[in-house]
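> Sequence and predicted structure below; questions after.
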Amino acid sequence: MAKENLKQRKKIFRNIILSLIVLFIAWIIWGNITIETDHFEIKSPRLPRKFSGYKIAQISDLHNAEFGKNNSRLISILQEEQPDIIVITGDLIDSNRTDIDIAYTFVEQAVTIAPCYYVTGNHEAWARTQYGMLEEKMTSAGVTILHDQIISLEKNDSDIQMMGVDDPDFSGYDEYSFETQLPETKNQDDYMILLSHRPEFFDSYVEKNIDLVLSGHAHGGQFRLPFIGGLIAPNQGLFPKYDAGLYRENGTHMVVSRGIGNSVIPVRFNDRPEVVIVTLTRDEA
């Protein structure tokens, strides 16, 4: 009788362990095939009043991923959010498996939702010939591509500035200097948004008094550990300082997107693909 009870307990224990393993695997799969929408409110007294409530959708590091046919699930999120603009902060394609059609189909739909602005990532630099073809198509579709330049965003006779810089791998990372690549601002008093693929230059962004930086590249640290954060990120190594979310220093805010697709490491852990929604608010305090 005692032996039978012991066998029964062992069987129950094995079943519990197997169930937990199956649930864990299912959770990892779910965390790789679903998209999370994260909202950030950025307050600033420098923001013109007419831009209060201005909504920016950020897409980063798509890496040719598809969520639904022709990225229908991703497009559905953007349609639901109804942003004023959509910004794409690099690595729209993946140099290891470049598919221009996937990238182009996405932007072709995105421009019908809101004006789209784009800066390059390292994978665009690594896929130069194919990226050149994609850029021609994106420009034809109506995407504004910012190559180390500044434009004005206008709303109700008011304006702010938006700057975009190319990824340093276009010029050679070792010789790259954000300070020399950054164009002079048109008006130092204007609220300034910077689109830059790389979050690791945050100190330089702060020195240049950028109001808001939208970045990616870190993939959320790929494997996110409770109470610790991301495990590893390109150009930051283990336990990256700028892996995901909002960072603040001396009036500069930086939002780092976890991105949507994967590249060298094909699986995420506790790090769901992400669409970032930033709402600008005039701080009257």
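Arrived safely.

> which parts of the lengthiest helix in the chain are buried?
Criterion DSSP state H: the longest helix present in the chain is helix 2-33. If you call a residue buried by 16 or more other CB atoms under 10 Å, then helix 2-33 has these buried ones: 31-32. Using the backbone N, CA and C atoms, a C-beta is placed for each residue, glycine as well.

> and if you look at stretch 35-43?
Within stretch 35-43, the residues that count as buried by 16+ other CB under 10 Å are 35, 38, 40, 42.

> Just name the closest of the residues you listed to residue 99, please.
Nearest to residue 99 out of those is residue 35 (CB to CB; 18.9 Å).

> Identify the residue spatially nearest to the closest one, adjacent ones excluded.
residue 273 (4.9 Å; CB to CB, 6 or more residues apart in numbering).

> For the one you found, give me its contacts.
Residue 273 sits next to 32, 34-36, 65, 67, 258-261 when contact means CB atoms under 8 Å, 6 or more residues apart in numbering.

> pLDDT weak spots in the stretch 51-200 of the chain?
The model of the stretch 51-200 of the chain has pLDDT under 70 over residues 172-188.

> could you pull out the strands for it?
54-59, 85-89, 116-119, 144-145, 149-155, 158-164, 192-195 (DSSP state E, counting those that start in this stretch).

> can you give me how far the second one is from the chain middle?
Read that as strand 85-89. Computed by CA atoms, centre = their mean, to the nearest Å, the chain-centroid distance of strand 85-89 equals 9 Å.

> That strand: which residues count as buried?
The neighbour-count check on strand 85-89 (16+ other CB under 10 Å) flags 85-89 as buried.

> so which of those residues comes closest to residue 232?
Here the nearest of the buried residues of strand 85-89 to residue 232, counting by CB to CB, is residue 89; it sits at 19.8 Å.

> so where do the helices sit in this structure?
Secondary structure of the chain by DSSP H: the helices cover 2-33, 72-81, 100-110, 122-126, 128-141, 178-181, 202-207.
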